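Peer 1: predicted coordinates and the sequence they were generated for:
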Amino acid sequence: MFAPQTPKERVEAIQAGHRVLAEVHYERQPVTKGYAGRTLHVDVSANQISIKPVDDWMRNTFIGGRGFDLWLLWNAVTGSTRWDSPENEIVISSGPIGGITQYPGTGKSIAAAISPLTGTVIDSNVGGYFGPLLKFAGFDAIELQGIAGEEIIVFLDGNQGLIQILAAPEESVNSNLLAEEMVAVFGKTPQEKQGVTSVSAGVGSEHTLIGCLNFSFWDPRRQLARLKQAGRGGIGTVLRNKRVKALVVKYVGLKGDSNGPADLSLIQRTGATMHREIYERDPIMFTMRLDGTNHLTRIMNDYDILPVHNFRYGAHPEAHHIYSENFQKYFDYSSPDGCWYGCTLACAKVATGLELRTGPLKGQSVTVDGPEYETVAGIGANCGIWDAHAVLEANYYCDAYGIDTISFGTGVAFVMECFEEGILSKDTTGGLDLHFGNGGAMLELLHQMGRGEGFGLVVGQGIRRMKKIFAEQYGANPAFLQDIGMEAKGLEYSEYVTKESLAQQGGYGLANKGPQHDEAWLIFMDAVNNQIPTFEDKAEALHYFPMWRTWFGINGLCKLPWNDVEPGDNRARYRGIEAAKVPEHVQNYVNLFTAVTGRADVKTGDDLVRLSEVVYNFQRLFNLKMGFGTRQHDAIPYRSAGPVTDAEYESRAERYDAQLRSQVGIDPTGLSTTEKRLALRRHREAQYETLIDAVYARRGWDENGIPTLQTARSLGLDTPEIVRLIGQHATGAA
Amino acid sequence: MKVLVTNDQLCIGCRLCEDVCSHAWYKEISRGKSSIHIGSLGNASWAMAACNQCGKCIEICPTQALSRDKAGVVRLKKDLCVGCLSCVGFCPTLTMYFHPDHVEPIKCISCGLCAKECPAGALSIEELQG
């Protein structure tokens, strides 16, 4: 990780190592109504670069972002493609709204690939400048395919109209160094530095299956490259498997109308109003500008849904040590902290002067973005590590090594429980004491992932593979591992306890990519406010909200400005689930979409949902194509639905006893804890199946979770290939 | 710092200042492009709104397009501005403006042209402590 040269020497060494393996010149066309109209395909096996048009059907059907990713990836892979197959791609796209500057949260990129964790398509939403600058450089998406014969970078200069595949032997691998190297090599002036953005991973991505992508942006005030993560599903692992160190885009000349909107005035009015709302409301709502997403830790603990000790519990007396106020002393509040221009919600916190206590940079003072709530909850609470510094240090090294903090936190929590249960011992962990709360051991696991050695390599395989290893090699009970291993579809859970919210159990279990909360977050609506009491209510919520949240990903947007700040009169004007939709903000998004694209056929929030319903169902069908996407793959570990152990039952005994009486019709008096726990389990598992039936019906899927032909037709997805796919798998098919 | 100081009590609502401002900077009489705005409060009384050079917008700008010059006036470097309008939303006095004809916001730089033309003496350029 160390670079012994001076910065100037380093740049010269990197440049001297560059050798052009392929090169294409192109004429950049201005973006029109949110689209560049072309996509870029880079095959690093054959060193071929090609430019493809975006046709009307692709634009109108898949919109952009995650939609474009899915469509391009669908055409690149077959049902037998594995994550490390050369034909697997990393596809990155922003979306038609992505890159406007006037509204908060409008600079997102969405990355997709066949995942090493799930074996099917994964998508991950990330900040930083790459996606928007890629579009302004001339491309709505980039497909990276093949496996390079040597270490390379892909460089795209939008101002020069130049695309190169460069041999890159001298660049660092780890993102903490590489992102700054790319700015130093390709950006000379202050404006150029802001115009250079890269996508990279790290050595941890090489050694594990939980690698993340780091998307960079240059911070002109602090004079450093900041990193945002496309964390989920191991896309960083795919990047390093391709022997690609970085994708680099350079584009200088961004202006407020670079996106070529149909109606700039409407965007300006909508944006300025929203900025004002944040100015007035954020300080008295969620303090995102002060604390970032970690403001949630206190709330989650208060509501008993903060994951503690591998999701056993929902709260802990020591949790206050990792509340946001304990991180404020690390944060530098000297400048705006959006991850794209104009994001006044500014949740991206910057911890400066962090003195590292472990690892290859021990003793050095570093800067790290974050931590996000998921990192604090996963690495902190879920592992019982009530130490803000340890969380920040893990956050730094996860980013540097290219490791997803969520899969890492949930994975470490799992092995800590296995250690406490006697499934693992110091003999099997290489001497590591993995009791809950051991921050040093947690960090050592991380460094082992960086070095490619020890038990860290096992943890880096992800929970699904660990369950198999522990059962086969250590004689662990597979059923118990299945109960406590918090993964579904092969992806580690993000950080919310869902035991008391049936709807959110579905929100996680039915999520296309695996249990990530970006599809649905219904815990308050369901378990706290009881606004969706019936199965039909929950199914409706599990239709609307996943579709609605998908919409952000197909347009290059962040979800946070939708409901992490609300108009002052939202709760007075609307009630219940309608208030949760934040109608005024939905209208803002109607404004933005129509003002960018000029599409006259989109007039309401329901029209927006209809757009993403197409993409959502296509992703479900993509899972089917890859051998998943059916009911059995929507199964969830019981830990997410109820108490696995007697101790968990006892921790909420009053609540569970009452539920046995009122919901199950069993008098718990005189029953042992185990008897009560098993009775509750039978009830809850049956409820989950009933929920799935209701959701499938609402979504227009058959009882096996496959979109019906009628549904596909109604969404315009009845291509011959899809019709054939549905026919092969539909219930009753031969 | 050099600040355009307004006196609502003296304003007669002629709005000449808006015309002077837009003409000076955009070569047209277009009140929407003025960096001073006059609003009616009824009963022949008027509210004047112009930047007081407080500088809060400097902090919110993501591109360092806003900075204070030697006279203490907050000025916009249009070549650096990406038109995000964060400064508009976060202006404490709501005196950073925008117009759909222009990507960048519209801001008073205490040039004093409006003060020279004001027939009621309601405007003046003054040196205030920052």
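Peer 2: Looks like it came in fine. Numbering: from 1, shown residues only, chains lettered A, B, ... in the order given.

Peer 1: so where's the stretch 201-350 of chain A uncertain?
Peer 2: The stretch 201-350 of chain A contains no residues with pLDDT under 70.

Peer 1: what residues does it put near chain B?
Peer 2: Counting by Cβ under 8 Å from any Cβ of the partner chain, the positions of the stretch 201-350 of chain A adjacent to chain B are A:220-221, A:254-257, A:264-265, A:268, A:271-279, A:335-336, A:338, A:341-342, A:344. In short, each C-beta sits where N, CA and C put it, glycine included.

Peer 1: which of those count as buried?
Peer 2: Buried by 16 or more other Cβ atoms under 10 Å in any protein chain shown: A:220, A:254, A:256-257, A:264, A:268, A:271-279, A:335-336, A:338, A:341-342, A:344, out of these.

Peer 1: in helices only, show me these.
Peer 2: Within those, membership in helices is found for A:264, A:268, A:271-279, as judged by DSSP state H.

Peer 1: now the end-to-end length of stretch A:449-466.
Peer 2: 15 Å (Cα to Cα, to the nearest Å).

Peer 1: and if you look at stretch A:236-249?
Peer 2: Distance between the two ends of stretch A:236-249: 18 Å, counting by Cα to Cα.

Peer 1: nearest residue to A:Thr428 in space, please, no chain neighbours.
Peer 2: Nearest residue to A:Thr428 in three dimensions, chain neighbours excluded: A:Tyr474, at 6.0 Å (Cβ to Cβ, 6 or more residues apart in numbering or on different chains).

Peer 1: same question for A:Met525.
Peer 2: With Cβ to Cβ, 6+ apart as the measure, A:Gln531 is the residue that lies nearest to A:Met525, at 4.9 Å, once sequence neighbours are left out.

Peer 1: please apply the same query to A:Gly37.
Peer 2: A:Val54 (5.3 Å).

Peer 1: count of residues packed around the one you found?
Peer 2: The local packing of A:Val54 (other Cβ atoms under 10 Å in any protein chain shown) involves 19 other residues.

Peer 1: thought it was touching A:Phe139?
Peer 2: No - with contact defined as Cβ atoms under 8 Å, A:Val54 does not count as touching A:Phe139 (9.3 Å).

Peer 1: what touches both of these two?
Peer 2: Residues touching both A:Val54 and A:Phe139 by Cβ atoms under 8 Å, 6 or more residues apart in numbering or on different chains: A:36, A:38-39.

Peer 1: which elements pack onto the longest helix seen in chain B?
Peer 2: Looking only at chain B and at elements set by DSSP H, the helix with the highest residue count is helix B:16-26. Under the contact criterion of 3 or more Cβ pairs under 8 Å, 6 or more residues apart in numbering or on different chains; DSSP states H and E, the helices and strands touching helix B:16-26 comprise strand B:36-42, helix B:113-117.

Peer 1: next secondary structure after the longest helix seen in chain A?
Peer 2: In terms of residue count, the longest helix belonging to chain A (DSSP H) is helix A:673-699. Counting by DSSP states H and E, the next helix or strand C-terminal to helix A:673-699 is helix A:709-714.

Peer 1: for whichever helix or strand comes after that following helix, what is the distance to the chain centroid?
Peer 2: Once helix A:709-714 ends, the next helix or strand along the chain (criterion: DSSP H and E) is helix A:720-729. Averaging C-alpha coordinates over helix A:720-729 and over its chain gives two centres that are 29 Å apart (Cα atoms, centre = their mean, to the nearest Å).

Peer 1: stretch A:93-104 now?
Peer 2: Averaging C-alpha positions (Cα atoms, centre = their mean) puts stretch A:93-104 18 Å from its chain's average.

Peer 1: how about it as PDB, C-alpha atoms only?
Peer 2: Listed in PDB are the C-alpha atoms of stretch A:93-104, where the atom choice follows Å, rounded to 0.1, in the frame of the first residue of the first chain:
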ATOM      1  CA  SER A  93     -25.100   3.900 -16.200                       C
ATOM      2  CA  SER A  94     -26.600   7.000 -14.600                       C
ATOM      3  CA  GLY A  95     -29.900   7.700 -16.100                       C
ATOM      4  CA  PRO A  96     -31.700  10.500 -17.900                       C
ATOM      5  CA  ILE A  97     -32.000  12.800 -14.900                       C
ATOM      6  CA  GLY A  98     -28.600  11.900 -13.600                       C
ATOM      7  CA  GLY A  99     -26.200  14.800 -14.000                       C
ATOM      8  CA  ILE A 100     -28.600  17.700 -13.500                       C
ATOM      9  CA  THR A 101     -27.300  20.000 -10.800                       C
ATOM     10  CA  GLN A 102     -30.300  21.800  -9.600                       C
ATOM     11  CA  TYR A 103     -32.000  19.100  -7.400                       C
ATOM     12  CA  PRO A 104     -30.400  17.200  -4.600                       C
END
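
Peer 1: any idea of the mean pLDDT in it?
Peer 2: The predicted model gives stretch A:93-104 an average pLDDT of 98.

Peer 1: and the gap between A:Gly402 and chain B?
Peer 2: 27 Å (Cβ to the nearest Cβ, to the nearest Å).

Peer 1: what's around that residue, how many residues?
Peer 2: The burial metric for A:Gly402, expressed as a neighbour count using other Cβ under 10 Å, is 35.

Peer 1: isn't it up against A:Gly202?
Peer 2: Yes - using Cβ under 8 Å, A:Gly402 makes contact with A:Gly202 at a distance of 3.0 Å.

Peer 1: coming back round to it: neighbour-wise, give me the winner out of the shared contacts of A:Val54 and A:Phe139.
Peer 2: A:Ala36 (25 neighbours).
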